[in-house]
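Visitor: Sequence and predicted structure are below.
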Amino acid sequence: MAVPTSIYQTSTGQYTATGDMPTYQIRAPTTALPQGVVMAASPGSLHSPQQLAEEATRKRELRLMKNREAAKECRRRKKEYVKCLESRVAVLEVQNKKLIEELETLKDICSPKTD
DNA sequence: TAACTATAACGTCAGTCAAG
DNA sequence: CTTGACTGACGTTATAGTTA
């Protein structure tokens, strides 16, 4: 099943906002591990099925923990992006209102008098 | 006050994509 | 091809507001 890519996602995964608003490019390499993460022993030192199972479990827990953090960060960025869009909507609505008013004024000025 | 509803935040899975 | 980061989708949980 194909998962549709987000309409607000660039090819590199950053959120973008068009127009005057800032562009988010905050994807940074995550080098630091969360506290409490123990690095694996080198693969060559694993032998017994017991050790292999423990290694698999450890890898899974590490993956889940990283994904947990990634999901939090992803949601935070998305919220920020939505906020950004909302404030842009507000600005454009004000702009639009002003332009409509200006248009009405110009119409009044330019329309032939009918007395 | 208990039962219900709406909403937000979360954790996990599965899929995509870019880099190596 | 493999791997790691990212993110949509889904189910769960917590919390606040509403109603009988």
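Guide: Happy to help now that I have it. All figures in this text were calculated on a predicted structure; none of them were measured in a lab.

Visitor: can you pull the pLDDT of residue A:42?
Guide: With respect to pLDDT, residue A:42 scores 47.

Visitor: same deal with the one 5 residues further on?
Guide: Among the per-residue scores, residue A:47 holds a pLDDT of 71.

Visitor: Please apply the same query to residue A:72.
Guide: Model confidence at residue A:72 (pLDDT) stands at 95.

Visitor: same deal with residue A:6?
Guide: So residue A:6 comes in at 36 (pLDDT).

Visitor: just residue A:104 next, same as before
Guide: 97.

Visitor: so where does it fall, helix or strand?
Guide: Using DSSP states H and E, residue A:104 maps to helix A:49-110.

Visitor: How about that helix and DNA strand B, touching?
Guide: Yes: Helix A:49-110 lies within reach of DNA strand B by Cβ under 7 Å from any atom of the strand, at A:64-65, A:67-68, A:71-72, A:75, A:79. C-beta: built from backbone N, CA, C; applies to glycine.

Visitor: quick one: is that helix near DNA strand C?
Guide: Yes: judged by Cβ under 7 Å from any atom of the strand, helix A:49-110 comes into contact with DNA strand C at A:66-67, A:70-71, A:73-74, A:77-78.

Visitor: how about stretch A:79-88: buried residues?
Guide: A:81, A:84 (16 or more other Cβ atoms under 10 Å).

Visitor: about what we covered before: can you pick the most crowded of the residues of helix A:49-110 next to DNA strand B?
Guide: residue A:65 (14 neighbours; other Cβ atoms under 10 Å).

Visitor: Many thanks, have a good one.
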